[in-house]
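# Using only what follows, build the 3D model:
(one chain, ligands or ions: 1)
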Amino acid sequence: MSLLELDKVSVAYGPRTALDAVDLAVAEHETVCVLGPSGSGKSTLLRAVAGLTGISTGAVRLAGRDQAGVPAHRRGLGLMFQDHQLFPQRDVGGNIAFGLRMRRVPRDEAARRVAELLELVGLPGAERRSVAALSGGEQQRVALARALAPRPRLLMLDEPFGQLDRDLRERLVVELRQLFRTLGTTVLAVTHDQGEAFALADRVVVMRAGRVAQTGTPVEVWRRPADAFVARFLGFRNLAEATVRSGGAAADTPWGTVPVPEGTAPGHCLLLVRPSGLRTADDGLSATVRARTFRGDHVLLHLAPERGPLLEAACPLRDAPAEGATVRVRFDAAEVVALPVDPS
Ligand SMILES: Nc1ncnc2c1ncn2[C@@H]1O[C@H](COP(=O)(O)OP(=O)(O)OP(=O)(O)O)[C@@H](O)[C@H]1O
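I've put the predicted structure just below:
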């Protein structure tokens, strides 16, 4: 059974609909990340689940129980929100024990739990340290320990790594994923960073203007974005309207004929070509290298083709042509996806 269920939940701020009939289910022990651009309703969704924002229609159920009328502090949730900063006047231990004290957990039991959590989040023995003297990453760990302390049935994270630099973020995401697996924690997290969501989540939910645009495992969403919006949000730029020929092995596109995977449904579509689906070759579409972006193990080429919109191509570092060079590129059908044409 799902631990959390949202059934056609809508939230309006005056005339503005921030959530529009959202359905969502989170299974026990599952980590779900809600992704989406700014203003798409991610935080509103978390706040509605937490009981911090009233819902206009629909139902939020936790373990099958409708939460209508249940105040936030009785929902059994752990919250790690951007606006829930640590208490600067309390030390690390005092911050983590806060929720336990509210629940009248005996002092020695609370101390044991604090020590155990500090161990878990990689800050053993930090009880007496002042939170003001901690680095950003350490503060984030303390905030996480504080949210986990009362053993919430659902942990909710809002932009958990917002202020941290990329390197630290990447490390924390890996650690958290392991931690949640070990503890069997059920997690609903919100982020606008797709890399973070894909690394942390069992399932991602992409939001667009208060609605769910797509739900799936990171691999499913990455391999097959539901539409142009999701594709663009994931950073794909090689998109063009096209017509898949009957027989389904090639499409007519502004770039010319492009091979598509066998069995692609014929007809009008939006064609997505992943950057890895373009190879420099001896023949094929002619294009000028406008710019090159260094991506560590490869170079992203920004190409102006002889016809059709600009293209991005991933190219191994050692083979990368120079800026201004004219190259020829071929398309790899395995990296081409036909998406439905966006009605908007
Ligand atoms: N308290 C509020 N009063 C009025 N409108 C609000 C309020 N909070 C959010 N909104 C509006 O509701 C919509 C959804 O906002 P929300 O904060 O949920 O988006 P978000 O996806 O979390 O954005 P961000 O990534 O910028 O935090 C936005 O249009 C926002 O302007």
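
# Identify the residue spatially nearest to residue 24, adjacent ones excluded.
In space, residue 24 comes closest to residue 6 once its chain neighbours are excluded; the distance is 4.3 Å by C-beta to C-beta, 6 or more residues apart in numbering. Where C-beta positions appear, they are placed from N, C-alpha and C, glycine not excepted.

# quick one: buried residues of stretch 239-254?
Within stretch 239-254, the residues that count as buried by 16 or more other C-beta atoms under 10 Å are 239, 240, 242, 244, 248, 250, 251, 253.

# can you redo the residues you listed as a markdown table with secondary structure and distance to residue 331?
Listed next are the buried residues of stretch 239-254 as a markdown table, based on DSSP: H, G, I helix; E, B strand; the rest coil; distance: C-beta to C-beta, whole Å:
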| residue | secondary structure | distance to residue 331 |
| --- | --- | --- |
| 239 | strand | 14 |
| 240 | strand | 12 |
| 242 | strand | 11 |
| 244 | strand | 13 |
| 248 | coil | 15 |
| 250 | strand | 10 |
| 251 | strand | 10 |
| 253 | strand | 9 |
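
# just checking: which of those residues also lie near the ligand?
Among these, no residue is within reach of the ligand (C-beta under 6 Å from any ligand atom).

# tally of neighbours for the closest residue to the ligand within the stretch 101-250 of the chain?
Closest to the ligand within the stretch 101-250 of the chain is residue 192: 4.9 Å, counting by C-beta to the nearest ligand atom. Neighbourhood size, residue 192 [other C-beta atoms under 10 Å]: 17.

# give the contact list for it.
The contact partners of residue 192, by C-beta atoms under 8 Å, 6 or more residues apart in numbering, come to 35, 36, 37, 38, 42, 159.

# got the residues of the stretch 151-300 of the chain near the ligand?
Within the stretch 151-300 of the chain, the positions near the ligand by C-beta under 6 Å from any ligand atom are residue 192.

# mind listing the helices for the stretch 151-300 of the chain?
According to DSSP state H, counting those that start in this stretch, the stretch 151-300 of the chain carries its helices in the segments 166-183, 194-200, 218-223, 228-233.

# that older thread, wait, the residue nearest to residue 24 sits on residue 66?
No: at 11.4 Å, residue 6 and residue 66 do not qualify as touching, with contact defined as C-beta atoms under 8 Å.

# Identify the contacts common to these two.
59, 60.

# Show me which of those two is the more surrounded one.
residue 6 (23 against 12).

# does that one sit in a helix or strand, and which one?
strand 2-13 (DSSP states H and E).

# and that strand, which strands flank it?
The strands beside strand 2-13 in its sheet (DSSP bridges) come out as strand 16-27 (antiparallel), strand 57-62 (antiparallel).

# Give the buried residues for that strand.
Judged by neighbour count using 16+ other C-beta under 10 Å, the buried positions of strand 2-13 are 2, 3, 4, 5, 6, 9, 10, 11, 12.

# How about the residues of the stretch 1-150 of the chain by the ligand?
So far as C-beta under 6 Å from any ligand atom goes, the stretch 1-150 of the chain lies against the ligand at 13, 16, 18, 36, 38, 39, 40, 41, 42, 43, 44.

# In PyMOL, select just the buried ones from those.
Restricted to buried positions by 16+ other C-beta under 10 Å, the PyMOL selection for these reads:
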select buried, resi 18+36+40+41+42+43+44
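
# Can you pick out the ones from the residues of the stretch 1-150 of the chain next to the ligand that are in strands?
In this view, these that belong to strands under DSSP state E are 13, 16, 18.

# I'd like those as JSON lines, with pLDDT appended.
Output for those, formatted as JSON lines (pLDDT from 0 to 100):
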{"residue": "13", "pLDDT": "93"}
{"residue": "16", "pLDDT": "91"}
{"residue": "18", "pLDDT": "96"}
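
# Looking at the residues you listed, spot the one nearest residue 232.
Distances from residue 232 to those, taken as C-beta to C-beta, are shortest for residue 18 (21.8 Å).

# what about the closest one, distance to residue 39?
9 Å (C-beta to C-beta, to the nearest Å).

# What of residue 15?
15 Å.

# Residue 235 too?
Counting by C-beta to C-beta - residue 235 and residue 39 are separated by 19 Å.

# sorry, back to before: now the two most distant members of the buried residues of stretch 239-254.
Pairwise distances across these peak at 19.4 Å for 239 and 248 (criterion: C-beta to C-beta).

# can you give me the strands in the stretch 151-300 of the chain?
With DSSP state E, counting those that start in this stretch, the ranges of strands along the stretch 151-300 of the chain come out as 154-158, 187-191, 203-208, 211-216, 239-244, 250-253, 256-259, 267-273, 278-281, 285-294, 298-305.
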